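> Here's my sequence, what's the structure:
(2 chains)
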Amino acid sequence: MIPEYLIRAVLASIMVSVLLGLLSPLINTKGLAFLTHAIFHSLLFGAVLGMILGLIFGNMGLVMAVALLVTITIVLLIAHLEKLGFTPDSAVGIVASFVAGLTVLGFGVLYKVMASRPYFPLSESIVSYLTGEMFLITLSDLAVLVVGGTILFFIMLFLYRDFLYLSFDPEGMESYGGNVRAYLMVLYVLVGAIGALIVQTVGLITLQVVAVLPGAIALMVSSDIRKVIGVSLFLTLGVQLSSVVLAYFTDIPPSGIATIMLGVIYGALLFRR
Amino acid sequence: MTAVAARDLTILYDGEVVLEGVTFELEEGETLLLLGPNGAGKTTLLRTIACFHREYRGELRVFGKPPCDARELIGYVPQSHSLNERVPLTALEVVAMGGIYKKGFSHFKIPREILEKAEEVLDFVGLAHIKDRLFRELSGGQKQRVLLARALISDPKLLLLDEPLSALDPSARAEVSNVLGKIKSERGITTVITTHDINPLLEIGDKVMLINRKLIAFGRPEEVLRDSVIKSVYGPLARVIPVGDRLFCITGDFHIHRHGGGSR
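Presented below is the predicted three-dimensional model:
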């Protein structure tokens, strides 16, 4: 008999893999690794803010909503700074420094709020944001992940070619009538929304690695975009599923196993070159 | 009809003047060669005409309209090394990019009519046989021709080319020059070309503009390419040598492109 939590973890892994498998080549071709890093940190700030508000209003369901809202606000701010003429790295640098500072301040406030409230296992929630808790996913978490993930998947799929053109030559795109700003905003919001949706299953510490490495590996082994997406999808799926199975037998957090596996594959390919 | 007209045009970056006092008119069907040393303002002028840069004083009209209202009439060809070649696009996909943004926001699939037209313009630039090859695997001359095809697919009335011959070997320069000649003779599109080396393009140039942060000279090639004018910009070693009915311009200017972009 397969435990129900394992089935939920496998289903969540499949959804996470589909989203990251498709997103990862875009992160690599558009050069968004630094931005992704900032976005995922803003998720932590959003989550801390959500926990403070959740404790104050007695509704911990606010955590994901606030994290999503904060992340989207931050990516829109980064996109706006880029529009004002800052380079992507400068825009991320400016915003990320504020986000990092606010996160630390947020933790200070959170501890004070926690101390003033009856005991609630909130520190476990914070840890699950950092390391991911695939086996603690509830049925309602899974439902949100599947419904939200499906919507994001189709938006990404239908705009995939436009995102590739945006990465290839944004000026050319603009000169031929494409709305570069709108595509950039949608892409950034997608990265932020996917991050917010999967952060509790993958974990902030490992999120960037599993978002960047599958695409990087796929681009190393193929130059046909369809094959790149295929490799990225199957690699993410394979790594996520095997990490769940290994974690089940070894009691090691699956996100740690997935990250190490990706690192080994990437390193092996680099050495082979 | 006047294709591009500028009257006392001054272009600024963050309030600082980078090119001033430019007045000229380019008639429909003419080809303008825009010459000047590094930092003279060639690309800035081209990007202002293309509506990428909007900080300017004076008057600038493209087919009677402000540049940003005339965008659909313009085909812009950037320097090929400014593109992100990590994106694995085929030559055909790159060309199709020039045609799909006239309608719709999502372009999951390239429409059949755009693909057919992309093949047609690739054939026009002599590259029908490489349509399925990756853009990044093409030679410098082939990349430039693919970018020309991408501009042609939208049936522009004005082509703006930024250094189309830079970083190309002599045979690739000849390939691109031939295609530019074909565009002029068969399509009659008004064209503005920035260049460091004017000699391979002189055959197709109706007008030459020499700038160096201001307008130095504008007119027919034989009017502009005179020793005294060239020396005033490039120094005493610059010369114009007439050979038969042709002119050769020796400016001593050169342009080295570093791998991965940038120039000096």
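> Closest approach to chain B from the stretch 151-273 of chain A, which residue is it?
For the stretch 151-273 of chain A, the nearest residue to chain B under the criterion CB to the nearest CB is A:Gly177, separated by 3.7 Å. Heads up, the C-betas are built off the backbone N, CA and C, glycines and all.
> mind listing what the closest residue to that residue other than its chain neighbours touches?
In space, not counting the residues next to it along the chain, A:Gly177 is nearest to B:Tyr101; the distance is 3.7 Å by CB to CB, 6 or more residues apart in numbering or on different chains. Taking CB atoms under 8 Å, 6 or more residues apart in numbering or on different chains, we find B:Tyr101 in contact with A:Met173, A:Tyr176, A:Gly177, A:Gly178, B:His107.
> Could you export the residues you listed to a markdown table, including columns for secondary structure?
Formatted as a markdown table, the entries for the contacts of B:Tyr101 read as follows, by DSSP: H, G, I helix; E, B strand; the rest coil:
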| residue | secondary structure |
| --- | --- |
| A:Met173 | helix |
| A:Tyr176 | coil |
| A:Gly177 | coil |
| A:Gly178 | coil |
| B:His107 | coil |
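> Show me what the most centrally placed residue in chain B is bridged to.
Taking CA atoms, centre = their mean as the criterion, B:Leu161 is the residue nearest the geometric centre of chain B, at 1.2 Å. Residues found in beta-bridge contact with B:Leu161 (criterion: DSSP bridges) are B:Val77, B:Ile193.
> Verify the stated contact: it with B:Val192.
Yes. Taking contact to mean CB atoms under 8 Å, the distance of 7.1 Å between B:Leu161 and B:Val192 places them in contact.
> tally of neighbours for B:Ala50?
Residue crowding around B:Ala50 was assessed by other CB atoms under 10 Å in any protein chain shown; the count is 25.
> same deal with A:Ile126?
Look at A:Ile126: counted by other CB under 10 Å, it has 17 neighbours.
> what helix or strand is it on?
In this assignment (DSSP states H and E), A:Ile126 forms part of helix A:122-131.
> For that helix, what is the distance to the chain centroid?
Relative to the mean C-alpha coordinate of its chain, helix A:122-131 is positioned 16 Å out (CA atoms, centre = their mean, to the nearest Å).
> average pLDDT for that helix?
When the per-residue pLDDT values of helix A:122-131 are averaged, the result is 73.
> any idea which helix or strand comes after it?
In the C-terminal direction, the helix or strand that comes right after helix A:122-131 (DSSP H and E) is helix A:139-158.
> Can you list the helices and strands that that following helix packs against?
Helix A:139-158 is packed against helix A:4-30, helix A:180-202, with contacts defined by 3 or more CB pairs under 8 Å, 6 or more residues apart in numbering or on different chains; DSSP states H and E.
> Compare these and give me the one nearest A:Leu53.
Distance to A:Leu53, taken as CB to CB, is lowest for helix A:180-202 among the helices and strands packed on helix A:139-158, at 15.3 Å.
> The closest one vs chain B: in contact?
Yes. With CB under 8 Å from any CB of the partner chain as the measure, helix A:180-202 is seen reaching chain B through A:Ala182.
> and the angle for that helix with helix A:139-158?
Taking axes from the mean of the first three to the mean of the last three CA atoms, to 10 degrees, one finds helix A:180-202 and helix A:139-158 inclined to each other by 150 degrees.
> Show me how far helix A:180-202 is from its chain's centre.
With CA atoms, centre = their mean as the basis, the distance from the averaged C-alpha position of helix A:180-202 to the chain average is 7 Å.
> quick one: it to helix A:4-30, angle?
Note on geometry: by the same axes, to 10 degrees, helix A:180-202 and helix A:4-30 are set 150 degrees apart in direction.
> Average pLDDT for the following helix or strand past helix A:180-202, rounded please.
On the C-terminal side of helix A:180-202, the nearest following helix or strand under DSSP H and E is helix A:204-221. Looking at helix A:204-221 alone, the average pLDDT works out to 90.
> Check which helices and strands helix A:204-221 sits against.
The contact analysis (3+ CB pairs under 8 Å, 6+ apart) places helix A:204-221 against helix A:4-30, helix A:33-57, helix A:122-131, helix A:180-202, helix A:225-250, helix A:254-272.
> try 6 Å
Helices and strands touching helix A:204-221, as assessed by 3 or more CB pairs under 6 Å, 6 or more residues apart in numbering or on different chains; DSSP states H and E, comprise helix A:4-30, helix A:33-57, helix A:122-131, helix A:225-250, helix A:254-272.
> Turn these into CSV, columns for distance to B:Val243.
Rendered in CSV, the data for the helices and strands packed on helix A:204-221 read as follows (distance: least, CB to CB, whole Å):
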stretch, distance to B:Val243
helix A:4-30, 48
helix A:33-57, 54
helix A:122-131, 73
helix A:225-250, 49
helix A:254-272, 54
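> Mind telling me which of those the model trusts least?
Confidence, taken as mean pLDDT, is least for helix A:122-131 of these (a mean of 73).
> quick one: contacts of that helix?
Helix A:122-131 has contacts (CB atoms under 6 Å, 6 or more residues apart in numbering or on different chains) with A:Ala47, A:Met114, A:Gln200, A:Gly203, A:Leu204, A:Ile205, A:Pro253.
> can you pull the buried residues of stretch A:83-93?
Going by neighbour count (16 or more other CB atoms under 10 Å in any protein chain shown), the buried part of stretch A:83-93 is A:Phe86, A:Pro88, A:Ala91, A:Val92.
> Then stretch A:153-172?
A:153, A:156, A:159-170, A:172.
> chain center to stretch B:105-117: distance?
Averaging C-alpha positions (CA atoms, centre = their mean) puts stretch B:105-117 26 Å from its chain's average.
> whoops, I mixed them up, stretch B:49-66
The chain centroid and the centroid of stretch B:49-66 are separated by 16 Å, computed with CA atoms, centre = their mean.
> Name the member of the contacts of helix A:122-131 with the most neighbours.
Neighbour counts for the contacts of helix A:122-131 peak at A:Ala47, which has 30 neighbours (criterion: other CB under 10 Å).
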